[in-house]
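Trainee: Structure of the sequence below:
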Amino acid sequence: MEGDRALNLLDDMLWTCVIVAGPLLAATLVIGVLISVFQVATQMQEMTLSYVPKLLIAALLLITIGPWMMTRVTDFARGLYLMIPTLAG
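Mentor: Next up is the predicted model:
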């Protein structure tokens, strides 16, 4: 395998990871910041208050966009498997 093909595969893999994991990570980050601001404003330092909303948002997002995430990863894997015959040569 040439170096440029390997770098292109690596680039595609990293972008797929960013696109698939991005919405989930961004949503939990926003919720975490909002909860932290709320805790600072009210001076309520309860540890579970930050975990439960992030867990609920992550679960809701996985339920709603989970099929799209799996389709995206499956398409990437299918493309890799279909590329195997072109690599031997």
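Trainee: List the residues that contact the one residue sitting closest to the centre of the chain.
Mentor: By CA atoms, centre = their mean, the chain has its centre lying nearest to residue 21, at 0.7 Å. With CB atoms under 8 Å, 6 or more residues apart in numbering as the criterion, no residue contacts residue 21. From N, CA and C alone the C-beta is placed, and that goes for glycine too.
Trainee: pLDDT value on it, please?
Mentor: If you check residue 21, the pLDDT there is 96.
Trainee: What segments of the protein are helices?
Mentor: Here the chain has its helices, by DSSP state H, at 3-42, 48-87.
Trainee: Next, the buried residues of the first one.
Mentor: Read it as helix 3-42. For helix 3-42, burial by neighbour count (16 or more other CB atoms under 10 Å) applies to 9, 16, 20, 24, 27-28, 31, 35.
Trainee: Next, the angle from that helix to helix 48-87.
Mentor: Interaxial angle, helix 3-42 versus helix 48-87 (axes from the mean of the first three to the mean of the last three CA atoms, to 10 degrees): 170 degrees.
Trainee: How far away from the center of its chain is helix 3-42?
Mentor: Distance of helix 3-42 from its chain centroid, counting by CA atoms, centre = their mean, to the nearest Å, is 6 Å.
Trainee: Is residue 73 in contact with residue 16, as I believe?
Mentor: Yes - Residue 73 lies in contact with residue 16 (CB atoms under 8 Å); the separation is 6.8 Å.
Trainee: For residue 7, give its distance to residue 75.
Mentor: Noted for residue 7: a distance of 20 Å to residue 75, by CB to CB, to the nearest Å.
Trainee: Let me fix that, I meant to ask about residue 31.
Mentor: 29 Å.
Trainee: and if you look at residue 23?
Mentor: Distance of residue 23 to residue 75, computed by CB to CB: 17 Å.
Trainee: What of residue 10?
Mentor: Residue 10 is 17 Å from residue 75, by CB to CB.
Trainee: Residue 44 too?
Mentor: 45 Å.
Trainee: ditto for residue 50
Mentor: Residue 50 is 35 Å from residue 75, where distance means CB to CB.
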